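Sequence and predicted model, in that order:
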Amino acid sequence: MSTAAEHRYDVAIAGGGMVGASLALALSGTALRVLLIEAVAPRSAAQPSFDDRTTALGNGARRILETLGVWDALAAHAGAITHIHVSDAGHFAFARLQARAHELAAFGYTVRNRDLGRELWQALQQRGGVELASPARVTDVSLGTDFVQLTLQQAEATRVIGARLVVAADGAHSLVKQSAGIGSRSRDYAQVALVANIKAARRAAGIAYERFTESGPLALLPLHDGAFTVVWTLAPQLAQAMQSCGASEFCQQLQRSFGWRAGRIEQVGERSGYPLSLVAAQASTAARVALIGNAAQALHPVAAQGFNLGLRDAAVLAELIAAAADPGEAALLAQFAQRRAADRDGMIAFTDRLVRLFGDQRAPLIAARNLALLLFDVSPPAKRALSRLSWGFGGALPRLSRGLALLP
């Protein structure tokens, strides 16, 4: 295919959110010519990837960020999860996990997306090695045998570039994914995640609560300052009511659903709602295209594993292409798809089944899952398996997860 492309790149990453920026940072020390394209300026208050939501980083994700050199700056803003308490509202069963019982400092850490995005982009700007195009938007994608041609809109100018590999990190409704002819299967959960930071009478003290209610899961995650972030899954109409009601009424309704384990809920900050659905791409690669993060799979937040899974996508892809003569070679992309298949399929199935299991209010299923929670609470092997969830569902760990540089 002939082109009028102004510039040629080895890798163009469409989407500079947390997963796309992590991939770019991983590749910044390689010989590859990399372009990172992001539609919204990273410091903009309108940047949807770096808003006030909180991400739960498992130990596998923390290790990757350590290897990328950004964890030390994040650690001061991270809330350690040292205890997990799981319960089924209105029923007797619950389960408890303690990190020290598994010889862990913590099961994971909560970090505000805004803090994580800031550190990733600061590292990219300071280290160099990656060309940054932001704000810039991909408006057209044309696949070819030897490269992909992208048309970018940047300010008032139109720019055409070519890349031997285009990485879709531009979300569940990715233009790159659609242009590559990759379809998606989806399930609308008919739920909205209402997210806010709250203060309770008892400091968080490292305890994460997951409570399954009739309307959906309700999570309180500890923040570094002793407050909590709440992720409250509700039917859309109820979510709208809880988002727009007064602070006092919100705290009262949340108290009624959650209970008193954290003491009286005293304050709530700004509330935001996010519709929930499962969107899973039918393939993770196409000709000279690879999908990572939400472009490959957008998950329900019930297990807090979406970013962890996407970060492993980025780590594996970076490892495979770091020294490649042609990063878009078909055999290399087939290897990427094969290495990610078990982890990706396992996490999608685990998350979706969890939502459906605890959303079913039929009496036999309620009894069965309460028995399962009780058995889980007295089963060290089951707890060990859950404690390792953020390391993935299968396949070899990427080098970045093992604290190793991309290139031996």
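Yep, it's here.

In the stretch 251-400 of the chain, mark out all the helices, start to finish.
With helices called from DSSP state H, counting those that start in this stretch, the stretch 251-400 of the chain shows them at 306-321, 330-359, 363-377, 380-387.

And these, which one averages the lowest pLDDT?
Mean pLDDT per stretch puts helix 363-377 lowest among the helices of the stretch 251-400 of the chain, at a mean of 61.

Gln122: how many residues sit nearby?
By other C-beta atoms under 10 Å, the residues close to Gln122 number 13. Just so you know, the C-beta spots here come from the backbone N, C-alpha and C atoms, and that holds for glycine as well.

Grab the nearest non-local neighbour of the residue positioned nearest the centre of the chain.
By C-alpha atoms, centre = their mean, the chain has its centre lying nearest to Phe307, at 1.7 Å. Nearest residue to Phe307, sequence neighbours excluded (C-beta to C-beta, 6 or more residues apart in numbering): Thr55, at 4.9 Å.

okay, now that neighbour: neighbour count?
With other C-beta under 10 Å as criterion, Thr55 counts 23.

same question, Gln149
Neighbour number of Gln149 under other C-beta under 10 Å is 19.

repeat for Ala31
Around Ala31 there are 10 residues (other C-beta under 10 Å).

part of a strand, is it?
No: if the criterion is DSSP: H, G, I helix; E, B strand; the rest coil, then Ala31 is coil and not within a strand.

if you skip the residues just before and after it, what's nearest to it?
Nearest to Ala31 is Ala323, by C-beta to C-beta, 6+ apart, at 7.8 Å.

which stretches of the chain have low pLDDT?
Scanning the chain for pLDDT under 70 picks out 1-6, 43-51, 90-93, 358-361, 363-379, 382-383, 386-387.

how about the helices of the stretch 1-150 of the chain, start to end?
With DSSP H, counting those that start in this stretch as the criterion, the stretch 1-150 of the chain has helices at 18-27, 59-67, 71-75, 113-127.

Packing partners of the shortest one?
On a contact count with 3 or more C-beta pairs under 8 Å, 6 or more residues apart in numbering; DSSP states H and E, helix 71-75 meets helix 59-67, helix 113-127.

ok, back up a step: which residues pair with the residue nearest to Phe307 across the strands?
Beta-bridge pairing of Thr55 under DSSP bridges involves Val111.

For Gln253, see how far away it is.
From Thr55 over to Gln253 the distance is 25 Å, taken as C-beta to C-beta, to the nearest Å.

And for Ala12?
46 Å.

Of these two, which one has the most company?
The neighbour comparison of Ala12 against Gln253 (other C-beta under 10 Å) goes to Ala12, with 28 against 17.

For that one, give me its contacts.
With contact taken as C-beta atoms under 8 Å, 6 or more residues apart in numbering, Ala12 is in contact with 34-35, 37, 148, 150, 161, 163, 165-167.

can we see that at 7 Å?
Residues in contact with Ala12, defined by C-beta atoms under 7 Å, 6 or more residues apart in numbering, are 35, 37, 150, 161, 163, 166.

Reformat these as JSON lines; add distance to Arg356 and neighbour count.
Listed next are the contacts of Ala12 as JSON lines, based on distance: C-beta to C-beta, whole Å; neighbours: other C-beta atoms under 10 Å:
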{"residue": "Leu35", "distance to Arg356": "41", "neighbour count": "23"}
{"residue": "Ile37", "distance to Arg356": "37", "neighbour count": "30"}
{"residue": "Leu150", "distance to Arg356": "39", "neighbour count": "26"}
{"residue": "Ile161", "distance to Arg356": "43", "neighbour count": "23"}
{"residue": "Ala163", "distance to Arg356": "40", "neighbour count": "27"}
{"residue": "Val166", "distance to Arg356": "35", "neighbour count": "31"}
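
before we move on, back to that, now for the helices of the stretch 1-150 of the chain, which one comes closest to Arg185?
Across the helices of the stretch 1-150 of the chain, Arg185 has its closest neighbour in helix 18-27 (20.4 Å, C-beta to C-beta).

which outside residues touch that closest one?
Outside helix 18-27, the residues that touch it by C-beta under 7 Å, 6+ apart are 11, 13, 34, 36, 49, 68, 113, 116-117, 120-121, 123-124, 130, 167, 169, 292-293, 307, 310-311, 313-315, 317-318, 322, 400, 406.

Put the buried members of the residues you listed into a PyMOL selection.
The buried subset of the contacts of helix 18-27, as determined by 16 or more other C-beta atoms under 10 Å, is captured in PyMOL by this line:
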select buried, resi 11+13+34+36+49+68+113+116+117+120+121+123+124+130+167+169+292+293+307+310+311+313+314+315+317+318+322+400+406
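
hmm, back to that, in a markdown table, list the helices and strands packed on helix 71-75 along with distance to Ser142.
Listed next are the helices and strands packed on helix 71-75 as a markdown table, based on distance: least, C-beta to C-beta, whole Å:
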| stretch | distance to Ser142 |
| --- | --- |
| helix 59-67 | 33 |
| helix 113-127 | 27 |
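
re the thing from before, surely the residue nearest to Ala31 and Pro408 touch.
No: shown here, Ala323 and Pro408 do not form a contact pair, counting by C-beta atoms under 7 Å, at 9.3 Å.

Spatially, what comes nearest to Leu36 if we skip its sequence neighbours?
Per C-beta to C-beta, 6+ apart, closest to Leu36 is Ala24, 4.3 Å.

got the buried residues for the lengthiest strand in the chain?
The longest strand of the chain (DSSP state E) is strand 184-200. In terms of neighbour count (16+ other C-beta under 10 Å), strand 184-200 has its buried residues at 184, 189, 191-200.

got it, and stretch 274-293?
By 16+ other C-beta under 10 Å, the buried positions in stretch 274-293 come out as 276, 278-281, 284-286, 288-293.

before we move on, which element is Thr233 in?
Assigning secondary structure by DSSP states H and E places Thr233 in strand 228-234.

Which strands border that strand, and is each parallel or antiparallel?
strand 184-200 (antiparallel), strand 216-222 (antiparallel).

Any idea which of the ones you listed gets closest to Gln240?
strand 184-200 (7.7 Å).

List the contacts of the closest one.
Counting by C-beta under 7 Å, 6+ apart, residues outside strand 184-200 touching it are 53, 216, 223, 227-236, 239, 242-243, 262-282, 300-301, 355.

Repeat the analysis, applying 6 Å as the threshold.
53, 216, 227-234, 236, 239, 242, 262-263, 265-269, 271-281, 301 (C-beta atoms under 6 Å, 6 or more residues apart in numbering).
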